[in-house]
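Trainee: How does the following fold in three dimensions:
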Amino acid sequence: MSATPSTLSLAGLLAAIHQLRNAALQQEQAHDALIAALPPARQASARNLLHYLAVRQVDLRPLQLQLARLGLSSLGSLEAHVLATLNTVAARLEEMSGQPGAQDATSCCSYAQGTQLLQDNAAALLNPPRPQRDVRIMVTLATEAAQDVRGVRDLVDAGMDVARINCAHDDVTVWQRMAALIRATPGAQGHPPLVQIDLAGPKSRTGSLPSQGRVLHLRPKRNLRGQALEAARLGLWVGSAPLPQTESAHPVLLADKLHPALPGVLPPELRLQFTDTRNRVRHGSFLSRQGDLLQFAFDHAAYLEEGMALTLRAADTELCAGVFAGIAEVPGELRLFTGDPLLLLREDQPGHPGVRNAQGAFTDPPRLHCTLADAFAAARAEQSVWLDDGRIGAVIEACSADVMRLRITHAAPNGSKLKAEKGINFPDTAFNAPALTEKDRADLAAMAQHTDLVALSFLRCPQDVAVLRAQLAALERSDVGIVLKIENRQAFAQLPAILLEALAHPRVGVMVARGDLAVELGFERLSEAQEEILWLCEAAHLPVIWATQILDTLARTGQPSRPEVTDAAMSIRAECAMLNKGQHMTEAVRFLSGVLGRMEGHYAKRMALRRPLSIAGPSLEIAQTDNAVTPATI
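Mentor: Numbers count the residues shown, from 1 in each chain. As a prediction, the model looks like this:
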C-alpha cells in the first residue's frame with residue numbers, strides 16, 4: 001500500500017486549486033460588463049464559460065494525476081460546473097489536511113444546475129429527447145423529399161428528429177414544399193420534426209466545366225474470373241417524346257425518331273441492337289413490356305451515346321429503327337497531377353482542362369472559376385489551397401485581382417479528378433467577408449415563416465452572429481433557433497468570443513462541421529479540435545450537433561464500415577447527430593438510433609487529461625496576472 005500523502009503535499013494541492021479558483025474569478029470580473037449585457041437567464045452560463053477559459057490556460061495534467069491518486073475528482077468533467085467542482089475538491093483537501101475550511105467562492109451553478117442548463121437549452125433548441133435516447137438525429141433531405149410523403153414518414157418513424165434543408169441546392173419552391181411536408185408529418189411524443197435551413201454562406205466552389213458529352217456505360221456484374229453474375233438492364237421508352245419520369249431502378253432511354261411504329265404484339269425473340277462507341281455490335285435480350293416501356297438485358301458491356309442508331313429486330317427481321325435520346329450529360333472534369341499548374345479565375349466563365357504537349361507538360365494550363373471573389377483580394381503567394389474536401393492540395397504561386405495561379409502539391413498517383421461545384425478552402429487566408437450574403441438574406445426572408453432553426457454557414461467572428469440576429473429581428477422571427485456552423489480556422493480561433501455573443505440569443509447551438517473543418521485545420525488536428533469545441537460548448541451550456549459523414553457508407557450502400565460505426569458511437573458526446581443524403585437513409589437513421597440508445601449507458605464513463613488549450617485565451621486577450629497558475633506551481 002502506498003504511503004499516505006504528507007500534509008505539505010496536500011497543502012500544495014490545495015494551493016493549486018485556490019489559484020485556479022482565483023484565476024476563474026478574475027476572468028469573470030474582467031468581463032463584468034459583457035456578462036451584465038446578457039439576458040439574466042444566460043449570465044450563469046457566461047460566467048461558467050469564462051471560468052473554464054481561465055482554468056484551461058494552464059496544463060492541468062500534473063494536478064489531475066495527483067488528485068486521482070487521492071481518489072478525488074480529477075477535474076476531467078468540470079465543464080458544466082467549473083467553480084462547483086473546484087469548491088468541492090478544495091473542501092475535500094481541507095478535510096484531509098485538517099485545515100480549517102476557507103469560505104468557498106459562490107458558484108454560478110452547482111453540479112445539478114450546470115447539467116440541467118445544458119439539457120434545458122438542448123430541449124429549447126432541438127425539442128425534448130425521445131424516451132429511448134437523449135441524442136437527437138438530424139437528416140439532410142434530398143431534392144426528392146419535396147414529393148416523397150412516404151419517405152419522410154419512414155424517416156420520422158426510424159428516428160429523425162430534425163430535417164435539414166440545404167439552401168446551397170435547389171430553390172425556394174422546393175424548400176417550402178419540403179418544409180410543408182415535414183410539418184405535416186407527426187413526430188415523436190407529439191412534437192413534429194423540426195425544420196432547419198442551412199444558409200449557403202460565402203462558400204468557395206469551383207465553377208462550371210464543359211460537359212464531356214452524353215454517354216451511358218452499361219456494365220454487367222461479373223465475378224473475379226469475369227463470368228457474368230447479373231446482366232446489365234436497360235429500359236427503352238418507345239412512346240412519344242419527351243421521356244417520362246419512371247420508377248425503374250435501371251437506366252431508361254427514349255427510342256427517338258422510331259420508324260415504322262412498333263407492332264402491338266412483340267415476338268419473344270425481340271432484340272435491341274446497336275453499334276456502340278467502340279464500334280462493337282451489342283444485342284439486348286427482350287425481358288418484359290409495361291405499356292410503352294420495354295426492358296432489355298445485356299451480357300456484355302456497352303457504351304451508348306446520345307443520337308446513336310438503334311434497331312429492334314426479331315431474328316433477322318428489322319421491325320423498326322431509331323436513335324437513342326435522353327442520355328444524361330457526363331459532367332466535365334479536370335485530371336490534376338502533383339506539379340501541375342491550375343488557374344483560378346474571378347470571372348464567371350466555363351473552365352478548361354488545358355492543353356498538354358507530347359511530353360505531358362501543359363502548354364496552356366487548366367483553369368476554373370472560383371466563386372469566392374474575396375479570395376482574390378485576400379489570398380497571398382505561398383498560402384495553401386485545398387480543393388474537393390481536401391482531396392487535392394495546392395500552393396498559391398501568384399495572385400492578382402482576377403487570376404490566382406496554383407501549383408498542385410497533393411494528388412493521387414494516377415491523378416485526381418476535379419469537377420464543378422467542389423469546395424475550395426483557403427486555410428491560411430484571413431477573410432473579412434460577412435457570413436450572411438445577399439443570397440442568404442433573400443433565402444432567409446423567403447423561408448422565415450417555414451423554419452424552426454437557421455444554420456449560419458462560414459461565420460468567422462462574433463459580428464456574424466450579431467448580424468444574423470438583427471436580420472431575424474427585422475423579419476420578426478427572433479424566436480427562431482440559431483445553429484452556428486464551425487467550419488473554418490477563423491471561427492475556431494474565435495470560438496470563445498462567438499459563444500459569448502451567441503448567449504444573447506434565447507435558442508442557440510453549435511454544429512461541428514467536420515468536413516470543411518478538417519481541411520481548414522488539417523486532418524491530423526480534427527479529433528483534437530472537435531473535442532475542444534465540445535468542451536467549450538458544454539461550459540457555455542450550449543447543445544452541439546455532430547455533423548459530416550456519420551454512417552456515410554451505410555447511407556450510400558446499405559452496409560456500414562467498421563470505423564464509421566465507432567464514429568457514430570462517439571456522437572453520443574453531442575446533443576444531436578447529423579446524417580447526410582443517401583439511398584439507404586432510412587436504414588441509416590434506424591441503425592444510428594439503435595447505436596445511440598445502447599451507448600447512452602456508457603456516456604458518463606469518461607475522463608480526459610487536460611493539457612493547455614490553445615483556444616482558451618488569445619481570442620479574448622486574457623491577461624496573465626501575478627497570481628496566475630503555472631505548470632511549475634502545480
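
Trainee: Thought Gly213 was touching Gly329, still the case?
Mentor: Slight slip there: residue 329 is Glu, not Gly. Yes: between Glu329 and Gly213 there is a contact under CB atoms under 8 Å: 7.3 Å. For every residue, glycine as well, the C-beta is placed using N, CA and C.

Trainee: Could you give the bridge partners of Val508?
Mentor: Ile482 (DSSP bridges).

Trainee: what's the pLDDT at it?
Mentor: Looking at Val508, its pLDDT is 98.

Trainee: ok, and for stretch 329-340, which residues are buried?
Mentor: If you call a residue buried by 16 or more other CB atoms under 10 Å, then stretch 329-340 has these buried ones: 332-334, 336, 338, 340.

Trainee: Okay, and which of those residues map to strands?
Mentor: 333-334, 336 (DSSP state E).

Trainee: Please name the residues that touch Met447.
Mentor: Shown in contact with Met447 (CB atoms under 8 Å, 6 or more residues apart in numbering): 165, 167, 172, 175-176, 179, 197.

Trainee: For the most centrally placed residue in the chain, grab phi and psi.
Mentor: The residue lying closest to the centre of the chain (CA atoms, centre = their mean) is Thr548, at 3.3 Å. Listed backbone geometry of Thr548 is phi 90, psi 110, with angles given as degrees, to the nearest 10.

Trainee: A helix includes Ala54, no?
Mentor: Yes: using DSSP: H, G, I helix; E, B strand; the rest coil, the secondary structure at Ala54 is a helix.

Trainee: give the contact list for it.
Mentor: With CB under 8 Å, 6+ apart as the criterion, the residues that contact Ala54 are 20, 23-24, 26-27, 616, 622.

Trainee: now do 7 Å
Mentor: Neighbour list for Ala54: 23-24, 27 [criterion: CB atoms under 7 Å, 6 or more residues apart in numbering].

Trainee: likewise Val510?
Mentor: Counting by CB under 7 Å, 6+ apart, Val510 has contacts 484, 486, 533, 537, 542, 544.

Trainee: same thing with Gln66?
Mentor: Leu13.

Trainee: pretty sure it is in a strand, no?
Mentor: No: when three-state DSSP is applied, Gln66 is found to be helix, with no strand at that position.

Trainee: Distance-wise, check it relative to Leu14.
Mentor: Using CB to CB, to the nearest Å, one obtains 11 Å as the distance from Gln66 to Leu14.

Trainee: What of Trp386?
Mentor: Trp386 sits 49 Å away from Leu14 when distances are taken as CB to CB.

Trainee: cool, Ile615 as well?
Mentor: 29 Å.

Trainee: got the contact list for Gln295?
Mentor: The contact partners of Gln295, by CB under 7 Å, 6+ apart, come to 233, 235, 287-288.

Trainee: Name the nearest residue to it, ignoring sequence neighbours.
Mentor: Leu287 (4.3 Å; CB to CB, 6 or more residues apart in numbering).

Trainee: hang on, that neighbour is in a helix, isn't it?
Mentor: No: checked against three-state DSSP, Leu287 lies outside a helix; its state is strand.

Trainee: Does it touch Phe296 like I think?
Mentor: Yes: the pair formed by Leu287 and Phe296 meets the contact definition of CB atoms under 7 Å, at 6.2 Å.

Trainee: who touches stretch 155-162?
Mentor: Under the criterion CB under 7 Å, 6+ apart, residues 126-127, 136-139, 185, 187-188, 193-194, 196, 576, 585-586, 589-590, 593 lie in contact with stretch 155-162.

Trainee: Just the ones of the residues you listed in helices?
Mentor: When these are checked against helices (DSSP state H), the matches are 126, 585-586, 589-590, 593.

Trainee: The stretch 1-150 of the chain: strands as residue ranges?
Mentor: Counting by DSSP state E, counting those that start in this stretch, the segments of the stretch 1-150 of the chain that form strands are 136-140.

Trainee: Now do the helices in it.
Mentor: Remark: helices assigned in the stretch 1-150 of the chain by DSSP state H, counting those that start in this stretch are 7-30, 32-36, 40-55, 61-69, 82-97, 111-126, 149-158.

Trainee: Past the last one, which element shows up next along the chain?
Mentor: Counting by DSSP states H and E, the next helix or strand C-terminal to helix 149-158 is strand 162-166.

Trainee: and that next one, average pLDDT?
Mentor: 96.

Trainee: Pull up the pairing partners for it, direction included.
Mentor: Looking at strand 162-166 with DSSP bridges, its paired strands and their directions are strand 136-140 (parallel), strand 194-198 (parallel).

Trainee: closest one to Arg562 among those?
Mentor: Proximity to Arg562 (CB to CB) singles out strand 136-140 among the strands paired with strand 162-166, at 20.9 Å.
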